[in-house]
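Engineer: Pasted the sequence and its predicted model underneath.
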Amino acid sequence: MTGTAEPDEERLARVFLARVLEPGDTVGGQWLRERGIAEVVRRLRGQGEPLPGVTARRWAGLRARAEQADPSRDLADARAAGVRFVCPSDAEWPGPLDDLGDARPLGLWIRGRPSLRMWALRSVAVVGARACTEYGAHMAVTLAAGLAERGWVVVSGGAYGVDGAAHRGALGAGGATVAVLACGVDRPYPRGHTELINRIAEQGLVVGELPPGDHPTQSRFVLRNRVIAALTRGTVVVEAAHRSGSLVTARAAQRLGRHTMGVPGPATSGLSAGVHELLREEAVLVTDAAEVVELVGDMGELAPERRGPVLPRDLLEPGARRILSALPGRRAAAVDEIARESRTTQDDAIARLYELRALGYVERHDDGWKLTRQAMVSVRGGRRSC
């Protein structure tokens, strides 16, 4: 639906079906694929035999819904709320959603000005527990802000906890974010996030499969997660218990061939148990936005190399470092002992020892050599105690 143009027949049919079929109904998707949308609508309106694959009771329920459906009214309500309906044949339709096959959405209701297709090209889902910890909220905000600063769109479900933190992180960084709801996009849910979801609609996009005014249910939350997974290049799970809905999103992403990532938490945290389970399977451990982008981004978008602090001894030549490591910590040692421990000749050992003395690492004691106090700290810093 664009501007004030009259809706075409396919658009009306898809809006009609959005009132009749539940999101992700694969039987309905099979009907559309095998019989065409016009035939499916005709049968649901009572013109012809019931369609196969459902019980008589379920068919009666679908027919009851069909009798109440009014696609023209839904489109008018959507227009009044600043919402557009995007079909798979529209230029704005994100192609990755087609990977869902028969579970592909019939269409999407969208609040917001940007093009969903363009935003989906460079997007990452950040999901996790509703009852998250302070650590989980912090990681979600930090990840989302870092992704936004790198030009990535952050997609989540608008829920309490990690979802809300991810949206706020992206918005706070002046970036782009998309909320995929399990209800009509004109009725923000949860109600406590009304202000946040309205802000997302103003600065980003609010997306849903359900017609205006429709309410969420437990099954709709679960089915919504497949859209989040399909829409994005990869899914990051920040915190999730063993039965978390976030794991549904992650496993949907795996089935679709998308990248699946997890942020580790304390080994004793029940809210990280589901993430750790993912990490033991096929998910990749990530700790910041740079590592996420390295995985989902284009060639060359690499995370910086992680290194500890550079010690002065790290700047020495390898031969000099071997001599330094060969010196005992508490006593002086003769040149032949040092040469033997460092696997070199005595002449080479003497030359290296004089070099190290000039740099302040060793001092001579009669016929032996000993580490200086400065060198003691440097050498111990480079040795493992276990």
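Structural biologist: Received the coordinates, thanks. Numbering: from 1, shown residues only.

Engineer: what number of residues lie near residue 187?
Structural biologist: 18 (other Cβ atoms under 10 Å). All C-beta atoms are positioned from the backbone trio N, CA, C, and that covers glycine.

Engineer: Equivalent analysis for residue 235, please.
Structural biologist: 31.

Engineer: Check which helix or strand it maps to.
Structural biologist: For residue 235, the host element (DSSP states H and E) is strand 234-237.

Engineer: would you put the C-alpha positions of that strand in CSV?
Structural biologist: The C-alpha coordinates for strand 234-237 follow below in CSV (Å, rounded to 0.1, in the frame of the first residue of the first chain):
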residue,chain,number,x,y,z
GLY,A,234,22.9,-13.3,12.2
THR,A,235,21.4,-13.6,15.8
VAL,A,236,23.3,-12.7,19.0
VAL,A,237,21.9,-14.2,22.2
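
Engineer: Show me what it is packed up against.
Structural biologist: strand 123-127, helix 245-255, strand 259-262, helix 273-280, helix 289-296 (3 or more Cβ pairs under 8 Å, 6 or more residues apart in numbering; DSSP states H and E).

Engineer: pLDDT below threshold where in the stretch 201-350 of the chain?
Structural biologist: 299-314 (pLDDT under 70).

Engineer: How many neighbouring residues does residue 123 have?
Structural biologist: 24.

Engineer: which residues does it form a beta bridge with?
Structural biologist: In this entry, residue 123 is beta-bridged to residue 153, by DSSP bridges.

Engineer: what sits against it?
Structural biologist: The neighbourhood of residue 123, defined by Cβ atoms under 8 Å, 6 or more residues apart in numbering, consists of 152, 153, 154, 155, 178, 231, 232, 233.

Engineer: And the strands in the stretch 201-350 of the chain?
Structural biologist: Using DSSP state E, counting those that start in this stretch, the strands of the stretch 201-350 of the chain run over 205-208, 234-237, 259-262, 284-285, 333-334.

Engineer: Can you tell me which helices and strands the third one packs against?
Structural biologist: Using 3+ Cβ pairs under 8 Å, 6+ apart as the contact definition, the elements that strand 259-262 packs against are strand 234-237, helix 245-255, helix 273-280, strand 284-285, helix 289-296.

Engineer: give me that answer again for 6 Å
Structural biologist: Judged by 3 or more Cβ pairs under 6 Å, 6 or more residues apart in numbering; DSSP states H and E, strand 259-262 is in contact with strand 234-237, helix 245-255, helix 273-280.

Engineer: Which of those sits closest to residue 107?
Structural biologist: helix 245-255 (19.6 Å; Cβ to Cβ).

Engineer: can you list contacts of the closest one?
Structural biologist: With contact meaning Cβ atoms under 6 Å, 6 or more residues apart in numbering, helix 245-255 is reached by 127-128, 222, 225-226, 228-229, 235, 237, 240, 260, 274, 278.
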